[in-house]
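Student: 3D, please:
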Amino acid sequence: MKRPTFHAVSGWSPTLLATILFVSASLASGPGILTTGAWTTGTWTNSALGQDSNETVPKETKKAKSEEKSPLFMRVSQTDAGQPQALECAVAKYKIASGPYAGAVVDLIGAVHVGEKSYYQRLNSMFKSYEAILYELVAESTDKPNKSERRRGGNPISSIQTGMKDALKLSFQLEEIDYRAKNFVHADMNPSEFSDDMAKRKDGIISMAARLMGAGFAMQSSKKNSDAQAEMTAAMLSRDPLKLRRAMANQFESLDNQMVGIADKDGKSTLLTERNAKAFSVLEEQLKAGKRKLGVFYGAGHFPDMHDRLIKDFGAELIETDWVEAWNLRTDAVK
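Tutor: Here you go, the predicted model:
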C-alpha cells in the first residue's frame, strides 16, 4: 500500500487522524498487529538524561488515592502570554508502600509514537537507569524492532502514521528507541493472544474505531471542540507542519476522554484494558524476580487504567511526576 502523502491525509476526518495517532502505536517490523498508545511534573536531572541540560519544569509531589481522579499524563505547555511551547509527556513515579514488593518503584513513562529525535534520545538515556523497562508491542517477545531498519508498509494505520510523521516533520518511535537494550522486557500480547481476545469479545478494529469516532463526534458538540476541529481542518489544508503540530497537540489534550469510547458494554477492551492486564502480569513477574526499579513504557492513553491498577492491586502511591518535551511547538520549531 502506498503511504499517504500530506495532501492525501488532509482529506481524512481530523477526529479520526488525531485519534489514530493518539491510540495507535507501533507495529513490529516483522509480523505485528496494531497496538495502542500513542502519550506529574518535575525536573529532568542530568544523571537521568545522561546529558547536560539546563531545562527544568515545575515539580509537584503528591499522594494518590483510589478515589481521586486520574492525573494528567499529557499536556500542552504554554508561555505566560498563552503561546504554545511544547506537547509534553508524563513520567509518573509510583512507590509500593507495603506488601511483598514494598519499596519498589514503578514509573509510567509516556510514549508518543511520532516525536522529536531529541525526545527519543532522552528516553534512551533515561532507560539505562532502570532494572527493567516493560514495553508495549503486539508481537512475539523475540520480535524486537531494529532501529537501523525503517518500517515496511502494508498496514493502512502504519501508512497513515508514516505519512503524518512526514507531515509533522518528526521522527518515528520504532526507528529511534533502542528496543534491543538488555533491560527491555516485552509486556504485551502476542498476535495470537490479541486475535483470540478480540474474537472472544466478538470485537474488531473497525467496531472499536467506530466507537472512538462516536465519542469524538459527541465531544465536538461544544463550541470549544468545534473551534478545535476548525483549527485542525485549517492546519491540514495549510500544509504547514507547525500549525498542524499545534492543532494536533490540542486534540491530544481532549482525546484522553475519548479512550473510554474504546470499551464495550462491560467496560473492557482488547486494545486497552486487556493489554494492560497482560502488561501488569509481566510487571508482577519482574517484581517477584526481585526487580525494584521498573519503567512501563506505554502510550499515555493506557495510563489512567494503569494508575488505578497500581493503586488498587499493588498498594502503590503516586509520589511525583515529571514532564518531558515530545513536540516543539514554538515558532522556530520547524526550520
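Student: mind listing what's buried in stretch 268-284?
Tutor: By 16 or more other CB atoms under 10 Å, the buried positions in stretch 268-284 come out as 268-276, 278-280, 282-283. In this view, the C-beta of every residue, glycine as well, is placed from N, C-alpha and C.
Student: for those residues, give me TSV that also has pLDDT.
Tutor: As requested, those are exported to TSV (pLDDT from 0 to 100):
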residue	pLDDT
Lys268	82
Ser269	83
Thr270	85
Leu271	82
Leu272	86
Thr273	90
Glu274	92
Arg275	93
Asn276	95
Lys278	97
Ala279	98
Phe280	98
Val282	98
Leu283	98
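Student: following element in sequence after the host helix or strand of Ala230, please.
Tutor: Per DSSP states H and E: Ala230 is located in helix 223-238. Later in the chain than helix 223-238, the nearest helix or strand by DSSP H and E is helix 241-255.
Student: buried residues in stretch 138-145?
Tutor: Neighbour-count burial for stretch 138-145 flags Val138, Ala139, Asp143, Lys144, Pro145 (criterion: 16+ other CB under 10 Å).
Student: remind me which residues of this protein are low pLDDT?
Tutor: Applying pLDDT under 70 to the chain picks out residues 1-70, 147-161, 204-229, 232, 253-265.
Student: mind doing that once more with 50?
Tutor: 1-14, 23-67, 153-154 (pLDDT under 50).
Student: show me where it has helices.
Tutor: Listed in chain order, the helices found in the chain under DSSP state H are 6-9, 14-23, 46-49, 117-127, 156-168, 173-176, 191-200, 205-219, 223-238, 241-255, 275-288, 303-314.
Student: buried residues in the fourth one?
Tutor: Of the residues in helix 117-127, those with enough neighbours to count as buried (16+ other CB under 10 Å) are Tyr119, Tyr120, Gln121, Arg122, Leu123, Asn124, Ser125, Met126, Phe127.
Student: the last one too?
Tutor: When burial is assessed from 16+ other CB under 10 Å, helix 303-314 yields the following buried residues: Phe303, Pro304, Asp305, Met306, His307, Arg309, Leu310, Ile311, Phe314.
Student: what's the closest of the residues you listed to Tyr101?
Tutor: Phe314 (6.7 Å; CB to CB).
Student: show me what contacts that closest one?
Tutor: Counting by CB atoms under 8 Å, 6 or more residues apart in numbering, Phe314 makes contact with Tyr94, Ile96, Gly99, Tyr101, Val106.
Student: which of these tops the neighbour count?
Tutor: Counting neighbours by other CB atoms under 10 Å, Val106 leads the contacts of Phe314 with 27 neighbours.
Student: that residue reaches Ala92, doesn't it?
Tutor: No: using CB atoms under 8 Å, Val106 makes no contact with Ala92, being 9.1 Å away.
Student: check contacts around Ala187.
Tutor: By CB under 8 Å, 6+ apart, Ala187 lies in contact with Leu134, Tyr135, Glu136, Lys278, Ala279, Val282, Leu283, Val296.
Student: for stretch 188-201, buried residues please.
Tutor: Across stretch 188-201, burial judged by 16+ other CB under 10 Å covers Asp188, Met189, Asn190, Glu193, Phe194, Asp197, Met198, Arg201.
Student: now distance to Ser77 too, for those, in CSV please.
Tutor: Formatted as CSV, those follow (distance: CB to CB, whole Å):
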residue, distance to Ser77
Asp188, 30
Met189, 34
Asn190, 37
Glu193, 38
Phe194, 35
Asp197, 37
Met198, 37
Arg201, 38
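Student: go through those and name the one nearest Gln173.
Tutor: In terms of CB to CB, no member of those lies closer to Gln173 than Asp188, at 14.1 Å.
Student: which non-adjacent residue is nearest the closest one?
Tutor: With sequence-adjacent residues excluded and distances taken as CB to CB, 6 or more residues apart in numbering, Asp188 is closest to Glu136, at 4.8 Å.
Student: swap in Leu123?
Tutor: Leu123's closest residue in space is Ile177 (CB to CB, 6+ apart), at 6.6 Å.
Student: quick check: phi and psi on that neighbour?
Tutor: Taking degrees, to the nearest 10, you get phi -80, psi 140 for the backbone angles of Ile177.
Student: tally of neighbours for Gly290?
Tutor: Gly290: 9 surrounding residues under other CB under 10 Å.
Student: that older thread, hmm, the residue nearest to Asp188 is touching Val282, no?
Tutor: No: using CB under 8 Å, Glu136 is not in contact with Val282; the gap is 10.7 Å.
Student: now Pro84. Nearest residue, chain neighbours left out?
Tutor: That would be Leu329: by CB to CB, 6+ apart, it lies 4.1 Å from Pro84.
Student: now the one you found: how far from Ala104?
Tutor: Distance, Leu329 to Ala104, using CB to CB, to the nearest Å: 36 Å.
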